[in-house]
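Colleague: take this sequence and fold it.
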Amino acid sequence: MVKKIIKTNPNLIELINKLNKQSKSEDAAIWKDVASRLSRSNRRTAEVNLSDINRHAVADETILVPGKVLSNGELDKKVNVVALKFSAKAQEKIESAGGECISIDEIIETNPKGSNIRIIE
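Modeller: You can find the predicted model right below:
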């Protein structure tokens, strides 16, 4: 049985389909997991604060947030953050800590197997 996507944002639908294809072609379960997390209802979409990322991440790690990164808290280590969306202030704080803000699309191209990525919600 195939789950029907009931999202209305065409860019998000395209991204979910791309993640599912990538999961099959590279045999990488992480992309299927991210796709299922992105296709949840809007109420259950992840919103992660920088304080949460700071608490759970190790320096020079890649963190994936299947939703939006918010700016509450401080980031005192260099962390690459992959997310669907970033608030402007969160992006500013990540870059000032030496980290990088990466879209999910970009990480699929640069890391097709999805290795060394931690998902935080």
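Colleague: which strands or helices does the helix of greatest length in the chain pack on?
Modeller: As assigned by DSSP state H, the longest helix anywhere in the chain is helix 10-26. For helix 10-26, the elements it packs on are helix 29-38, helix 104-110, judged by 3 or more Cβ pairs under 8 Å, 6 or more residues apart in numbering; DSSP states H and E. Yep, even glycine has a C-beta here, placed from its N, CA and C like the rest.
Colleague: please redo it, this time with the cut-off set to 6 Å
Modeller: Helices and strands touching helix 10-26, by 3 or more Cβ pairs under 6 Å, 6 or more residues apart in numbering; DSSP states H and E, are helix 29-38.
Colleague: what does the next helix or strand after the helix it packs on contact?
Modeller: The first helix or strand that comes after helix 29-38 along the chain, using DSSP states H and E, is strand 46-49. Residues outside strand 46-49 that contact it (Cβ atoms under 6 Å, 6 or more residues apart in numbering): 65-70, 72-73, 120-121.
Colleague: at 7 Å instead, please
Modeller: Applying Cβ atoms under 7 Å, 6 or more residues apart in numbering, the contact partners of strand 46-49 are 37, 65-70, 72-73, 120-121.
Colleague: please save the CA atoms from that strand in PDB.
Modeller: Extracted as PDB, the C-alpha positions of strand 46-49 are listed here (Å, rounded to 0.1, in the frame of the first residue of the first chain):
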ATOM      1  CA  ALA A  46       9.600  19.600  13.400                       C
ATOM      2  CA  GLU A  47      10.600  22.900  14.800                       C
ATOM      3  CA  VAL A  48      14.000  22.800  16.500                       C
ATOM      4  CA  ASN A  49      15.700  25.500  18.400                       C
END
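Colleague: alright, that wraps it up for me.
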